[in-house]
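Novice: predicted structure and sequence below. I'll ask about it afterward.
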Amino acid sequence: MSLRLYDTAARAVREFVPLEPGRASLYLCGATVQAAPHVGHIRSGVCFDVLTRWLVARGYAVTFCRNVTDIDDKILAKAALEGRPWWAVTAHYEREFAWAYDVLGCLPPTVEPRATGHVPEMIELMDTLIAGGHAYPVDGDVYFDVSSYPAYGALSGQRPDQMQPAADSEGDTRKRDPRDFALWKAAKPGEPSWPTPWGRGRPGWHLECSAMAGKYLGPSFDIHGGGLDLVFPHHENEIAQSRSAGGEFARYWVHNAWVTTSGEKMSKSLGNSLLVREVVKRVRPVELRYYLTAAHYRSMIEFSFEALEETAVGYRRIEGFLARARERLAPGEVTGADLSSARPPEFDAAMDDDLGVPQALAVVHETVRQGNAALAAGELAAVRRAYAQVLAMTDVLGVNPYAAPWDERSALDGAATGRWRTIVDDLVAARIAERAAARAAKDFAAADRIRDALREAGIDLVDEPDGTRWTLAEPS
RNA sequence: GGUGGCGUGGCCGAGAGGCGAGGCAACGGCCUGCAAAGCCGUGUACGCGGGUUCAAAUCCCGCCGCCACCUCCA
């Protein structure tokens, strides 16, 4: 079986056949860097990180391009509001996004181009479109002529004659048709601008993605991704531009669903943003990632801290098994190249089926259950197998507690390395020994005092058949 | 007006014609000084009404409810 993906354009699951065997090219509409990322923004990053990881796991050489939109109306408005230059605003929020992607374990894209760095490519594209009769300049603006592209609306299922006229088109006599969209906006006083054959101005939103996708991935590439709300108009317009300029453009369109709170789409206008920076103060980043990953990427997530906590308990179960297995196995058995190929076939089948992460996680949990049973029975060969499988599977999902960036951060990690770990291990071992003596003497009050004191210090003690283990307590 | 989606047990969340995914919670048991963890076991769920079928959560028809997109959106 090979990978199948739901293609928005086809409204069906299609077998993924890359343009070039063994290679996959992917463009993702990244952030407009005008505010700090909330959970909904980062879900997109996480979804496509899982897709990328799965393509890599399936042996594809992946070229992943995720753009940064660093010029648009909202950025200019934000700059005015914050009283600092627009480029200071974009630099600031670009760092916020980079931090959020990193803290949630999203692998860095192959290339992360900025819109403002690709004005020459945009001018070239507009030249081509104007020459081909698909665009027209008016007083420094450049508009795309929707009527010149008969397939307009095919991606989103919109029929141009049924669409509501754009809110900003009233009284706008420069457009030939209210549905035409701006490729380029003429400079207004005080706004940043770049020189073009049609006068100074700045990029329209849609043009940049066509220009950058073309530059880095070529006129044809495999997958174009983004949030569901980008289907129309953004992706529709990208298609119109790029195809009118002669390219095939994206061959598969993949869209992730959004995150809602209280049944409403998360957005700044509703004032219910859950900033990544705030959420990871309440839960570990890996748990937020697990929560965002656990739902199918095309299902809406109704965000709540209660649901997040509950899901996190399930993740801790996985971590718990891994930590116990790791202690039981010989050091040479817990690392090794063969671990990556240890995924159960059912897991791969689930992932191949339009990234069926929920089913894939069912395989993970089933393996954990078997592993725990093997641990209890002392069947080390089975423990080793389950350990390798769980590691390989969590790796694909980006939640392997022993892989970057979680390896140094995992609160439940019973085997993390490093000097602090060694030091704490020695100190706690002494207290565990004291407590063992107390228990042997049936002085349970003394034994419980030691356990309570350690708990107070943030260390949980767990008695197991072959001894007492300690873990860092979950922050409460 | 146009387009698309959703409704599954106490909760989260898959599945898309035929043996009840998985997790969380709950209950019973094993283990245990206690606790925790772990293991074993326990559920007659698919918005409503019709229909097709040997068989429907899944297909068809009609309703009801919720949500999103239609030039700011991840």
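Specialist: Sure, I can see it.

Novice: now do the contacts for A:Glu236.
Specialist: By CB atoms under 8 Å, 6 or more residues apart in numbering, A:Glu236 lies in contact with A:152-153, A:155-156, A:158. Just so you know, the C-beta spots here come from the backbone N, C-alpha and C atoms, and that holds for glycine as well.

Novice: which other helices and strands contact the helix or strand encompassing A:Ala437?
Specialist: Per DSSP states H and E: A:Ala437 is located in helix A:419-440. If contacts are counted by 3 or more CB pairs under 8 Å, 6 or more residues apart in numbering; DSSP states H and E, helix A:419-440 sits against helix A:444-456, strand A:459-464, strand A:467-472.

Novice: list the buried residues of it.
Specialist: For helix A:419-440, a neighbour-count test (16 or more other CB atoms under 10 Å) marks A:428, A:431-432, A:435, A:438-439 as buried.

Novice: I'd like to know which of the helices and strands packed on helix A:419-440 lies nearest to A:Arg282.
Specialist: Of all these, it is strand A:467-472 that lies closest to A:Arg282, at 16.7 Å by CB to CB.

Novice: strand partners of the closest one, parallel vs antiparallel please.
Specialist: According to DSSP bridges, strand A:467-472 has the following sheet partners: strand A:459-464 (antiparallel).

Novice: got the buried residues for the strand it pairs with?
Specialist: Quick answer for strand A:459-464 (16+ other CB under 10 Å): A:459, A:461.

Novice: is any part of it close to RNA strand B?
Specialist: Yes. Residues of strand A:459-464 contacting RNA strand B under CB under 7 Å from any atom of the strand: A:460-464.

Novice: contacting residues around that strand?
Specialist: Residues contacting strand A:459-464 (CB under 8 Å, 6+ apart): A:324, A:424, A:428, A:432, A:435, A:451, A:454-455, A:468-473.

Novice: let's have the helices and strands packed on helix A:419-440 in CSV, adding mean pLDDT.
Specialist: Shown next, in CSV, are those (pLDDT from 0 to 100):
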stretch, mean pLDDT
helix A:444-456, 92
strand A:459-464, 85
strand A:467-472, 82
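
Novice: out of those, flag the one nearest A:Pro21.
Specialist: strand A:467-472 (46.3 Å).

Novice: quick one: buried residues of that closest one?
Specialist: By neighbour count on 16+ other CB under 10 Å, the buried set for strand A:467-472 is A:468-471.

Novice: what about the residue in the stretch 151-300 of chain A that RNA strand B sits nearest to, neighbour count?
Specialist: Distances between the stretch 151-300 of chain A and RNA strand B by CB to the nearest atom of the strand are smallest at A:Gly227, namely 1.8 Å. A count of nearby residues for A:Gly227, using other CB atoms under 10 Å, gives 19.

Novice: wait, doesn't it sit right on A:Ser44?
Specialist: Yes. Applying CB atoms under 8 Å, one finds A:Gly227 in contact with A:Ser44, separated by 5.2 Å.

Novice: what sits in contact with each of these two?
Specialist: Counting by CB under 8 Å, 6+ apart, the residues touching both A:Gly227 and A:Ser44 are A:Asn256.

Novice: get me the contact residues on the stretch 351-476 of chain A for RNA strand B.
Specialist: A:354, A:356, A:358-359, A:361-362, A:365-366, A:368-369, A:372-373, A:375-376, A:439, A:444, A:447-448, A:451, A:460-465.

Novice: how about A:Gly226: what's its closest non-neighbour residue?
Specialist: In space, and not counting its chain neighbours, A:Gly226 is closest to A:Cys29: 3.9 Å by CB to CB, 6 or more residues apart in numbering.

Novice: what do you get for A:Ala61?
Specialist: Per CB to CB, 6+ apart, closest to A:Ala61 is A:Arg23, 5.0 Å.

Novice: could you check how many residues crowd around the one you found?
Specialist: A:Arg23 has 14 neighbouring residues, counting by other CB under 10 Å.

Novice: where in chain A is pLDDT low?
Specialist: Scanning chain A for pLDDT under 70 picks out the ranges A:1, A:161-173, A:262-273, A:334-340, A:408-418, A:474-476.

Novice: distance of the closest residue to A:Ser148 other than its chain neighbours relative to A:Ser156?
Specialist: With sequence-adjacent residues excluded and distances taken as CB to CB, 6+ apart, A:Ser148 is closest to A:His134, at 4.5 Å. From A:His134 over to A:Ser156 the distance is 19 Å, taken as CB to CB, to the nearest Å.

Novice: more neighbours, those two?
Specialist: A:His134 (22 against 18).

Novice: give me the element the closest residue to A:Ala382 other than its chain neighbours is part of.
Specialist: Spatial nearest neighbour of A:Ala382, chain neighbours left out: A:Ala374 (3.6 Å); criterion: CB to CB, 6+ apart. Under the criterion of DSSP H and E, A:Ala374 resides in helix A:357-377.

Novice: could I get stretch A:239-251 in PDB with only the CA atoms?
Specialist: Extracted as PDB, the C-alpha positions of stretch A:239-251 are listed here (Å, rounded to 0.1, in the frame of the first residue of the first chain):
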ATOM      1  CA  ILE A 239      -4.100  28.600  -8.800                       C
ATOM      2  CA  ALA A 240      -5.500  31.200 -11.200                       C
ATOM      3  CA  GLN A 241      -2.200  33.100 -11.200                       C
ATOM      4  CA  SER A 242       0.200  30.200 -11.500                       C
ATOM      5  CA  ARG A 243      -1.800  28.300 -14.100                       C
ATOM      6  CA  SER A 244      -2.400  31.400 -16.100                       C
ATOM      7  CA  ALA A 245       1.300  31.900 -16.100                       C
ATOM      8  CA  GLY A 246       1.800  28.500 -17.700                       C
ATOM      9  CA  GLY A 247       2.600  26.200 -14.800                       C
ATOM     10  CA  GLU A 248       0.800  23.200 -13.600                       C
ATOM     11  CA  PHE A 249       1.300  24.300 -10.000                       C
ATOM     12  CA  ALA A 250       0.300  22.000  -7.100                       C
ATOM     13  CA  ARG A 251      -0.900  18.500  -7.900                       C
END
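
Novice: can you pull the buried residues of that stretch?
Specialist: A:239-245, A:247, A:249-251.

Novice: quick one, domains of chain A?
Specialist: A:4-256, A:302-397, A:419-472 (automatic domain parsing).

Novice: tabulate those domains (JSON lines), appending distance to A:Glu287.
Specialist: Formatted as JSON lines, the domains of chain A follow (distance: least, CB to CB, whole Å):
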{"stretch": "domain A:4-256", "distance to A:Glu287": "10"}
{"stretch": "domain A:302-397", "distance to A:Glu287": "4"}
{"stretch": "domain A:419-472", "distance to A:Glu287": "14"}
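
Novice: can you tell me which of the ones you listed is nearest to A:Glu278?
Specialist: Short answer: domain A:4-256, nearest of these by CB to CB, at 8.8 Å.

Novice: report the distance from the closest one to the chain centre.
Specialist: Distance of domain A:4-256 from its chain centroid, counting by CA atoms, centre = their mean, to the nearest Å, is 17 Å.

Novice: flag every residue of the stretch 201-350 of chain A that's near RNA strand B.
Specialist: Applying CB under 7 Å from any atom of the strand, we find that the stretch 201-350 of chain A lies next to RNA strand B at A:205, A:226-234, A:237, A:256, A:258-260, A:263-267, A:269, A:294-296, A:299-302, A:306-307, A:310-311, A:313-314, A:317, A:320-321.

Novice: what segments of chain A are helices?
Specialist: Secondary structure of chain A (DSSP state H): helices at A:39-57, A:73-82, A:86-103, A:119-131, A:205-217, A:236-244, A:276-282, A:285-294, A:305-328, A:345-352, A:357-377, A:380-397, A:419-440, A:444-456.
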